[in-house]
Every structure is written in structure tokens, then in C-alpha cells.
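A.B. asks: dropping a prediction and its sequence here:
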Amino acid sequence: MPKCCGVCVVVYKMERGQPKFAILKRSLNWVGWELVKGGIEKRETELDAVYREANEELSIKQRDILNLIKIPYLLRFSFSRKGKKYNAQFRCWGMQIRTSKLKLGARLKKEHSEVRWASFKDAIDLLTHSEPKKIIDLLSRIIKSDPI
């Protein structure tokens with residue numbers, strides 16, 4: 001089975017000393033809540049993919065980013081595309097932004113139907129799969145140990 005490499009980006013803002021996380025409701029291929037994620041394109045660095053995915057999925061510009069945190073977690077999952085199965089390995093990043101506005105990227109409105117800010121508890125309750133819940137928990141611990 002071929003490998004697919006990508007990035008998972010946990011977009012967050014600080015509100016009254018607590019992180020709020022951007023979660024997206026997926027509507028293409030399956031229905032449920034997830035984090036920003038996507039593959040690394042040819043001739044693209046991992047960091048390029050982090051910026052591109054945040055921009056494509058949530059219209060986040062680099063000037064809106066306050067902090068990037070590399071999360072020590074490798075998201076692994078399998079998926080099928082055009083009848084071919086893939087094993088994916090995505091590196092995880094936390095992205096603190098200054099703006100409170102969340103907007104689905106125009107190109108991806110067919111992929112996601114909604115985006116919202118969620119507290120830690122709400123994100124854990126809403127996220128569909130267990131791996132993103134682990135990633136949110138790990139990032140929350142990192143933020144608490146070294147707040148900006």
C-alpha cells in the first residue's frame with residue numbers, strides 16, 4: 001500500500017487564557033468533525049503545506065499567524081481514493097492565530113459544510129475520530145506549559 005505524507009494543523013486562538021480550537025464539519029466522503037489536514041504537494045516543504053492547508057481550508061493568511069508549534073505526534077490513518085488504498089502519515093502542527101473570524105476556503109466548501117470555534121471539552125466531544133482528540137489534548141498540554 002503506498003504511503004501518503006501530509007500535515008494536520010490545529011488552528012487555535014487564546015480567549016481569556018484558554019485555547020479555542022477551529023474544527024470543521026466534513027461533508028465529502030464521510031460526515032463528521034475534523035481538524036485542518038491535507039497532503040504535502042510535490043516540491044512543497046512540510047511548512048509550506050501547513051501554510052497552504054490553513055489558507056485553503058480556513059482562509060488564514062501568514063500575517064494572521066502568531067505562533068507555530070510542532071506537535072510531537074504522527075497522525076496515521078488509511079483511506080481509499082479512486083479505488084486505491086493509502087496509508088497516511090501526517091505531521092501535526094499547532095497554529096495560533098490573532099483573528100477570531102473563521103471562514104471556509106472557497107474551493108473547499110464542498111468538502112466542509114461548517115467551521116466553528118470549540119473549547120477543549122467541546123472539541124473532544126465533537127471530533128469524530130480518536131486521533132484528533134489525542135492531538136488536541138497534546139497541544140493543550142504544550143500550551144499550558146509554555147503560554148505565549
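C.D. replies: In hand now; what should we look at? Numbering: from 1, shown residues only.

A.B. asks: who are the contact partners of Q96?
C.D. replies: Each residue near Q96 by Cβ atoms under 8 Å, 6 or more residues apart in numbering is listed here: Y12, K13, M14, I65, L66, N67, L68, I69, I148. Backbone N, C-alpha and C define where each C-beta goes, glycine included.

A.B. asks: next, the buried residues of the longest helix anywhere in the chain.
C.D. replies: Using DSSP state H, we find that the single longest helix of the chain is helix 130-145. Neighbour-count burial for helix 130-145 flags E131, P132, K133, K134, I135, I136, L138, L139, S140, I143 (criterion: 16 or more other Cβ atoms under 10 Å).

A.B. asks: stretch 68-79 too?
C.D. replies: Of the residues in stretch 68-79, I69, I71, Y73, L75 count as buried by neighbour count, 16+ other Cβ under 10 Å.

A.B. asks: how close does the nearest residue to the first one once chain neighbours are set aside get to Y51?
C.D. replies: Right, I69. Closest residue in space to I69, ignoring its immediate chain neighbours: G94 at 3.8 Å, by Cβ to Cβ, 6 or more residues apart in numbering. For G94, the distance to Y51 (Cβ to Cβ, to the nearest Å) stands at 14 Å.
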